[in-house]
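**Q** take this sequence and fold it.
(one chain, ligands or ions: 1)
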Amino acid sequence: MSLIRSWVEAANDPACPFPLNNLPLGVFSPAGGAPRCGVAIGDKVLDAAALERAGTLPLADAPLLDRATWNPLMEAGPAIWSRLRTILTGHLAEKSDTRDQLEPHLYPLDAVALHMPFTVTEFTDFYAGRNHAFNVGTMFRGPENALPPNWLHIPIGYNGRASSVVVSGTGVRRPWGQLKSPDHETPAFLPCRRFDLELEMGAIVGQPSSGPVTVAEADAMIFGYVLLNDWSARDIQAWEYQPLGPFQSKATATTISPWIVMKAALEPFRTSTPEREKPLLPYLAEPEPMLYDIDLTVELTPNGGATSTIARTNYKEMYYSAAQQLAHHTTSGCPMRVGDLLGSGTISGPTKDSRGSLLELSWGGKEPLSLPGGATRSFLEDGDTVTLTGAARGEGYTIGFGECTGTILPALADPYAR
Ligand code: CA
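**A** Next up, the predicted model:
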């Protein structure tokens with residue numbers, strides 16, 4: 001697959017995250033305007049809702065884009081998903097004869113506000129990166145018991161909170177919680193001291209299910225992908241996680257990138273999961289490659305300081321694909337809904353500089369990271385900004401996700417001191 005050229009000139013730059021091949025979906029508001037469905041192209045965002053109203057983007061009998069969320073389009077199903085891409089590609093292609101009709105509906109990306117691109121109906125977070133699971137297991141339980149006995153057989157996950165998912169740019173308040181440090185006999189209620197990030201991808205379910213589905217059916221149900229930062233309070237987590245897994249340590253906030261990259265834009269980058277260390281049960285077998293080759297970075301910017309890249313890795317490091325996770329999620333008969341969000345689990349590579357959390361990068365605080373200017377970090381400090389980026393690199397073009405960013409706000413006063 002090579003670059004599809006557009007008359008929006010910036011979209012033809014090989015480094016531009018939003019070429020015509022991408023067409024990611026967001027919700028934006030221009031200055032003084034209401035939020036609406038938009039599509040990023042080059043350095044612009046196209047008001048897709050206005051196009052639909054004008055009859056230039058005929059998708060279905062009833063409007064699908066008249067609310068500031070992409071859920072109705074997802075509900076309309078895969079035939080409409082590809083219809084959207086086909087019509088927009090025609091309008092925006094270099095040789096298009098509808099440029100005059102489109103131009104009034106383009107806004108500069110740097111002059112709009114971005115909002116949640118879809119309504120998160122449910123949120124599940126997995127633990128499907130082998131390097132991450134091994135590293136964290138080693139720190140929490142020692143290297144002999146690092147990987148639990150089920151890990152190579154089941155994509156482990158927990159039911160998260162849809163209510164905690166926020167769009168990139170939203171401030172993240174340091175939480176209070178019950179925690180117990182190893183050198184104290186009793187637990188205490190304190191502001192989190194080991195606040196962390198987790199580099200993940202989020203898969204968005206675009207079609208519902210009401211019983212067990214196969215991995216192939218699960219793949220077909222997935223609408224698109226976002227970057228996802230699962231903010232994690234490690235000291236709260238270490239005290240609360242046994243035996244039912246994380247609870248309040250993961251419930252403060254989860255940040256997603258503002259653009260949904262549709263599965264169709266990622267097709268050229270499909271790749272297989274790594275070789276199985278233990279054979280999977282047949283219901284989890286991948287019938288075709290279902291992971292994606294997406295370069296990922298984590299950047300850290302202290303308040304007023306310089307930005308540095310603290311980790312580089314790739315989505316293809318995951319042991320389980322989102323389709324395998326989704327299929328496993330339905331084995332019980334658990335119904336999946338349109339707008340269900342599945343976190344991949346932290347994506348860590350095999351090397352020290354490819355670890356997707358500070359817990360691993362600083363090895364539990366034992367080996368603090370050095371930042372430019374002499375500062376060090378074991379965990380996040382107030383005012384730190386964390387930015388995740390992702391890029392799938394094609395022939396002469398890049399598929400980007402936009403930034404997934406959040407700044408740590410200081411803990412408020414003790415919420416129970418009143
Ligand atoms: Ca996670």
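**Q** where exactly do the helices run in this protein?
**A** With helices called from DSSP state H, the chain shows them at 48-54, 71-76, 78-92, 99-102, 130-141, 215-221, 234-240, 263-266, 322-329, 358-361.
**Q** take those helices and write them to TSV, including mean pLDDT, distance to the ion and mean neighbour count.
**A** To be clear about C-beta, it is placed using only N, CA and C from the backbone, and glycine gets the same treatment. Shown next, in TSV, are the helices of the chain (pLDDT from 0 to 100; distance: least, C-beta to the ion, whole Å; neighbours: other C-beta atoms under 10 Å):
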stretch	mean pLDDT	distance to the ion	mean neighbour count
helix 48-54	98	32	20
helix 71-76	98	24	21
helix 78-92	98	27	17
helix 99-102	98	40	15
helix 130-141	90	8	19
helix 215-221	98	20	21
helix 234-240	95	10	22
helix 263-266	98	21	21
helix 322-329	98	12	26
helix 358-361	97	11	26
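**Q** can you lay out those helices as JSON lines showing distance to residue 372?
**A** JSON lines is the format used below for the helices of the chain (distance: least, C-beta to C-beta, whole Å):
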{"stretch": "helix 48-54", "distance to residue 372": "41"}
{"stretch": "helix 71-76", "distance to residue 372": "42"}
{"stretch": "helix 78-92", "distance to residue 372": "40"}
{"stretch": "helix 99-102", "distance to residue 372": "43"}
{"stretch": "helix 130-141", "distance to residue 372": "25"}
{"stretch": "helix 215-221", "distance to residue 372": "42"}
{"stretch": "helix 234-240", "distance to residue 372": "24"}
{"stretch": "helix 263-266", "distance to residue 372": "33"}
{"stretch": "helix 322-329", "distance to residue 372": "35"}
{"stretch": "helix 358-361", "distance to residue 372": "15"}
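**Q** so which of those is nearest residue 376?
**A** helix 358-361 (11.3 Å; C-beta to C-beta).
**Q** wouldn't residue 245 be in contact with residue 158 here?
**A** Yes - assessed by C-beta atoms under 8 Å, residue 245 is found in contact with residue 158 at 4.4 Å.
**Q** list the residues that contact the closest residue to residue 57 other than its chain neighbours.
**A** Spatially, and ignoring its direct neighbours in sequence, residue 57 is nearest to residue 51 (3.9 Å; C-beta to C-beta, 6 or more residues apart in numbering). Residue 51 makes contacts with 57, 91, 102, 105, as judged by C-beta atoms under 8 Å, 6 or more residues apart in numbering.
**Q** next, count neighbours for the first one.
**A** Put plainly, it is residue 57. 23 (other C-beta atoms under 10 Å).
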